[in-house]
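Peer 1: from the sequence below, what's the structure:
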Amino acid sequence: MVRITPFGHLPLLPHIDTNRINAVLRALHWCETLLESTLWTPATDGTSMSLQRTMNGQRIELFPLEAALMDLGMNSQFQTGHLPIRLNAGNACVRSLNTRPRPLHTDMIASMILLLGTSEVDPVAVPRTLRSILTAEQRASLPPPRRREPYVAGRPSTSGREFLPESQVLELSAQHQNVVFTIQFEMRNGNLRNMIAREEVLMETKEDNGSPQVTSAGMSYNPSDYHLKTVFDMQREGYRNIATDRVTKITIGGHTYSTASAQDDA
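Peer 2: Prediction:
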């Protein structure tokens, strides 16, 4: 099945959720509506349409149909997580903020049509990778980059969440070695993280009984000094640290331990 859109033919596979298809089609319609009152110029290559503008000698191209393909899980010429935008014929590397749920790429392209569709552009709103389209005066008016606070390892949480006692978490870990468990903990940026992990995976072999064990060998610091413990993340298939002093929920050895701050979906 193929749907004819203002920006080209959009293939629709049977397994794609109908609600998502409708959302993408609404976003394409939004793009078409916005186009009527902007300075964008449609350009067709025979199969699909792009939108083009030249600002201060810089050529920008937007690809609404490519955004729709990405939202429907189909192959696109653009990298996943990036918006289908080109600057001077090269990928502009514009990415959305890491929000959940992530907005549709097609909706974000519609926002770009609106943002860059007039002669008066808000310089602050222009993505960093597109700021070459601004005048020298506009770039000079931009606020200085926000200074990132230095990271202080082991700094206590200020979120107000309730955590399991660290001694309890460490004791449970010691009692149930070499098993898969689930844990929810607060990361240092304040967000909750859910992880399916295994404490002991083959990295080094204990001399006493030959069982595999995660160790801090090769690290430039001892994780336990900063209330961290190294485990193997079963979903990301790599070694990660969990914050043992910020655990809101842990399921291990057939039992679940949690606080009032635990969330079902973090």
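
Peer 1: helices along this structure, start to end?
Peer 2: Under the criterion DSSP state H, the chain contains helices at 18-35, 64-71, 105-115, 136-141, 166-175.

Peer 1: which stretch among these comes nearest Pro42?
Peer 2: Closest to Pro42 of those, according to Cβ to Cβ: helix 18-35, at 7.1 Å. (C-beta placed from N, C-alpha, C; glycine too.)

Peer 1: just the mean pLDDT for the closest one, thanks.
Peer 2: Averaged across helix 18-35, the pLDDT comes to 94.

Peer 1: and stretch 53-73, by the same measure?
Peer 2: pLDDT averaged over stretch 53-73 gives 94.

Peer 1: state the pLDDT value of the residue nearest to Gln138 when sequence neighbours are not counted.
Peer 2: In space, Gln138 comes closest to Pro123 once its chain neighbours are excluded; the distance is 4.2 Å by Cβ to Cβ, 6 or more residues apart in numbering. In this model, Pro123 is scored at 94, pLDDT.

Peer 1: before we move on, back to that, and the helices of the chain as a markdown table, adding distance to His9 and mean neighbour count?
Peer 2: Formatted as a markdown table, these follow (distance: least, Cβ to Cβ, whole Å; neighbours: other Cβ atoms under 10 Å):
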| stretch | distance to His9 | mean neighbour count |
| --- | --- | --- |
| helix 18-35 | 12 | 17 |
| helix 64-71 | 8 | 26 |
| helix 105-115 | 15 | 22 |
| helix 136-141 | 38 | 11 |
| helix 166-175 | 55 | 15 |
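
Peer 1: closest one to Thr47 among those helices?
Peer 2: Per Cβ to Cβ, nearest to Thr47 of those: helix 64-71, 8.9 Å.

Peer 1: go ahead and name everything in contact with that closest one.
Peer 2: 5, 7-8, 10, 20, 23-24, 27-28, 31, 48-49, 51, 75-78, 80, 83-84, 104-106, 108-110 (Cβ atoms under 8 Å, 6 or more residues apart in numbering).

Peer 1: now swap in stretch 34-53 and tell me
Peer 2: Stretch 34-53 is contacted by residues 6-9, 59-66, 110, 113-114, 116-119 when judged by Cβ under 8 Å, 6+ apart.

Peer 1: same deal with stretch 107-119?
Peer 2: 27, 30-31, 34-35, 37-40, 51, 53, 55, 60, 62-64, 67, 83-85, 94, 96, 121-122, 125-126, 133.

Peer 1: do the same with stretch 77-84
Peer 2: Taking Cβ under 8 Å, 6+ apart as the rule, stretch 77-84 contacts 62-64, 66-67, 70, 76, 91-96, 105, 108-109, 112.

Peer 1: residue contacts, the nearest residue to Asp245 once chain neighbours are set aside?
Peer 2: Once flanking residues are discounted, Asp245 sits nearest to His227: 3.9 Å by Cβ to Cβ, 6+ apart. By Cβ under 8 Å, 6+ apart, the residues touching His227 are Gly154, Glu166, Ala243, Thr244, Asp245, Arg246.

Peer 1: show me which of the residues you listed are buried.
Peer 2: With burial judged by 16 or more other Cβ atoms under 10 Å, the buried subset of those is Ala243, Thr244, Asp245, Arg246.

Peer 1: and the furthest pair within the residues you listed?
Peer 2: Going by Cβ to Cβ, the pair spanning the buried ones among the contacts of His227 furthest: Thr244 and Arg246, at 7.6 Å.

Peer 1: which pLDDT value goes with Ile4?
Peer 2: 89.

Peer 1: for Leu12, see how far away it is.
Peer 2: 11 Å (Cβ to Cβ, to the nearest Å).

Peer 1: so for those two, which residue has more residues nearby?
Peer 2: Taking other Cβ atoms under 10 Å, Ile4 and Leu12 do not tie; Leu12 has more neighbours (15 against 8).
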